[in-house]
Structures are given as structure tokens and as C-alpha cells.
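# I'll drop the sequence and a predicted model, then ask my questions.
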Amino acid sequence: MTAVCWDHVFAAVPRRPYIPDVVWTDSDQPLDRKTDPEAWADAVAADIPLVTQMDDGADGGGLFPSSSASMPSLVRLMLDHLAVRPDHRVLELGTGTGWNTALLATALTEGKVISIEVDPVLAAQAEENLFACDIEPFVIVGDGLQGYPGGAPYDRVVATMAVQRVPYEWAEQVKPGGVILTPWGTAFHNSGLLRLVVDGDGDGTASGRFVGSVNFMWARSQRRRFDTREFVGDVIADPDAARVRHTTTDPRPLGEEHADFAIGLCLPEVEQRTYFGRGDAAGEYTQWLSDGQSWASVDYKPGADSFEVNESGPRDLWAEAETAFEEWRNRGEPPREQHGVTVTPNGQWTWFDGPTGRVRIGPAPVA
Ligand SMILES: C[S@@+](CC[C@H](N)C(=O)[O-])C[C@H]1O[C@@H](n2cnc3c(N)ncnc32)[C@H](O)[C@@H]1O
């Protein structure tokens, strides 16, 4: 069977019918089709992501985006990585607007796409959008992290929400040699597009490398557990809790994506935030790390060759980040794409340059 011609499919399936009347672009202000139809149409036609739901649909101040129509060029990139054939059976996780579901349904033989959306309101809206475009959808309301055994085995599983842990259920429900494509990140840095191939021996493991950079919203149950800003507030109220030292490690490489990605593999549950305080004008800032129990801060001053570090709690988080950074440098500063993940019935592990190069998590062993 021949490969899918995505140019034709994209031409036949525009995203406009799937976009709700109210969207958010890069500002907090909603863009409403009724009050500003031209700006709405321009945004829909542009190669940008459109947030389509805030705060899981709750009334409120628009605190966090909870669903979106992804950037069209990124949707295309992911479909290219998925490498589907028209006869493939595909499980999609995170239906959202239903546009990606429509692209898949148009490319594949009828009835070969199943899509799962955790939010019932969004799932119903996506179904409505798909029916209006003459596509008969198979949309299920549920937790995509469980997959959908009723439709297995699949040739492909594609997620459009980010996970910190790839569920083994996905590997179990894909045929040997089949592909799982998912955004993947750590609390430290969320930027990996992971492509796993399920083992041909049928032992249920799946393994593969990161193939690109994406930034998707988290699967609902894998969202971050705490907000560093609140945590930092507590810390400031108790400055005496800190162990103070100085380091010559410049904190600026934190924020560089490949360094952050690699540090995040060693400190997966640690969050980081940068705060520009009174010294902002002079380029000064404080970098915070926390895992909900321990915290660390480092003060950056331009031109300085030594930086003050404060650490508190059971872990020396800045020391751990420094060690992870040094290890990454000693490996030759490899990009994200030289890393990968293996998923087994007993959990996942991350690796560098092949599944045997398992990445250490947590503090380095004392020599
Ligand atoms: C980036 S949006 C999806 C974009 C969508 N593919 C499109 O083309 O419009 C991510 C979606 O994943 C959904 N989601 C989050 N966690 C989920 C889960 N555990 N299972 C299924 N869907 C989930 C969100 O509600 C959201 O609609």
C-alpha cells in the first residue's frame, strides 16, 4: 500500500471548520469571531497554535491553557514522523478540536481512526465538527493514558498531549514494529517529540529517540503538582533555612534548550523558574529550582565569576543540576535527538546514544 500524500490531505481538510468562535493567540485576551471576524480569520489562517480552552473550561481568570489547535506546520511534522499508510489502524490521544482526527480519517481507510479526549465537552464539540465535515468519527471520552484495548492492536499511537511517563498500555496495544509518537518532557524542561518503535520480538517493550522539539500541554493527570511561585513565596518567608555557598558554575546555560533537556533527564521532577528582581536593569536575576520539598536558588550577576547559591531541604538541588550539566558537557554537549526512552512493563528509562546508555536519575553516587 502506498504512503499517504499529506499535501493532498491538508488541501482537502482545512482547519477553519474545527476552530471555535473564541480563541487565544499569544495574549491573555480572547479573540472573538463575533466581535473581530477579520482578526479571528487571520489567526485561523496563520501558522500559529490557537488556544481553544482555558482552565479545563471552568469560568475564571484564564489561568492556564487546557486545549488548543496545534500549529499547522507542527501537525504536518508529526504526521510525517508517524509514517502512516492508508491501511493502518491509528489510535489518537487528545482529540481537541478534531482537526488532526479529520486529517487522519481522510488519509486512512474508513473506520481506522479511534480518538480519545478526556474532556467530555471538547469531545462532543469535536464530534460535531467532524460530522459537519462529513467525517464519521469514533471519539471516546476517557483517559488516553490507558489507551483503548477495545480497538487494539494498532499500527500507530499518536498523542497530542505531553507525557512525563509513557504508559506501558500504549506499547501493549501496538503491533510489533508499530510506532508510538508522543510529546514528552520533564517538569524541568518540556520539549521532546519522542518516536518509539514497539519491539518486533513481541516482548512488549518499546524504544526510540527524540526526533524534534515540541511544546505541548501536559496530559491532565501528569500536570505539574505544584507551582514554584508559591513555593518560592514560602522560601522567602524562611530565609534562615538555607545552606549558603558560592559556585563558579555560571547559571546562564540553564535556559539553553539542549542543556536544560539533558539536566531534566537527571532531575525529572524538579521545576525551574527565573526571577528578575530589583537588579533586572543590570541583567541580574535569580534562578530557582524546587521539587516541592527541597529548593535552591542561584543569583546571577553580569561579569561575576562566583555566584551565591542557597539550598534547603533534603536535596542539594543546585549541586545536582551542576553535576548533570558537567556530565552533559563531558559527553560533548549532545543535542536532545541523541537521547531516547525505553518503555517496559516495569516502567520507562531514558538513555543517551542507545538503550544501554541509561541516564542516571538523582544525585551522582559519591566516589
Ligand atoms: C494540544 S490539544 C489537542 C490538539 C488536537 N489534536 C487538535 O488538532 O485540535 C491536547 C488535548 O489533549 C487533551 N487531553 C489531556 N489529557 C488527556 C488524557 N489523559 N486523555 C485524553 N485527552 C487528554 C486535552 O483536553 C486537549 O484537548
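Okay, I see it. Everything numeric here is computed off the predicted structure, so don't read it as measured data. Numbering: from 1, shown residues only.
# Report the residue spans of the chain with pLDDT below the cut-off.
1, 60-62, 225-239, 277-281, 363-367 (pLDDT under 70).
# Could you measure from the residue most central in space within it over to residue 3?
Nearest to the mean C-alpha position of the chain, by Cα atoms, centre = their mean, lies residue 162 at 3.3 Å. According to Cβ to Cβ, to the nearest Å, residue 162 and residue 3 sit 27 Å apart. (Glycine included, C-beta is placed from N, CA and C.)
# Repeat that for residue 224.
When residue 224 is compared with residue 3 (using Cβ to Cβ), they lie 38 Å apart.
# just the helices in the stretch 201-350 of the chain please.
Using DSSP state H, counting those that start in this stretch, the helices of the stretch 201-350 of the chain run over 228-237, 257-266, 317-330.
# Now do the second one: distance to the chain's middle.
It refers to helix 257-266. Centroid displacement of helix 257-266 relative to its chain, using Cα atoms, centre = their mean, to the nearest Å, is 14 Å.
# One more: the last one?
Using Cα atoms, centre = their mean, we find the averaged C-alpha position of helix 317-330 to lie 23 Å away from the chain's own average C-alpha position.
# angle of it against helix 257-266?
If you take axes from the mean of the first three to the mean of the last three Cα atoms, to 10 degrees, helix 317-330 sits at 120 degrees to helix 257-266.
# how about the helices in the stretch 1-150 of the chain?
Going by DSSP H, counting those that start in this stretch, the stretch 1-150 of the chain shows helices at 6-12, 37-45, 72-82, 99-107, 120-132.
# most packed of these?
helix 99-107 (a mean of 25; mean count of other Cβ atoms under 10 Å).
# Could you list the residues of the stretch 1-150 of the chain in contact with the ligand?
66-70, 93-94, 96-97, 99-100, 116-119, 122, 143-145 (Cβ under 6 Å from any ligand atom).
# Kindly recompute the last result at 8 Å.
15, 18, 49, 52-53, 56, 66-70, 75, 92-101, 116-119, 122, 126, 142-145 (Cβ under 8 Å from any ligand atom).
# Go through those residues and flag which are in strands.
If you go by DSSP state E, these have 52, 53, 66, 67, 68, 69, 92, 93, 116, 117 in strands.
# residues of stretch 315-332 that come out buried?
Buried residues in stretch 315-332, counted by 16 or more other Cβ atoms under 10 Å: 315-325, 327-328.
# mind putting the residues you listed in CSV, distance to the ligand included?
Below are those laid out as CSV (distance: Cβ to the nearest ligand atom, whole Å):
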residue, distance to the ligand
315, 29
316, 34
317, 28
318, 32
319, 34
320, 30
321, 29
322, 34
323, 33
324, 29
325, 31
327, 33
328, 29
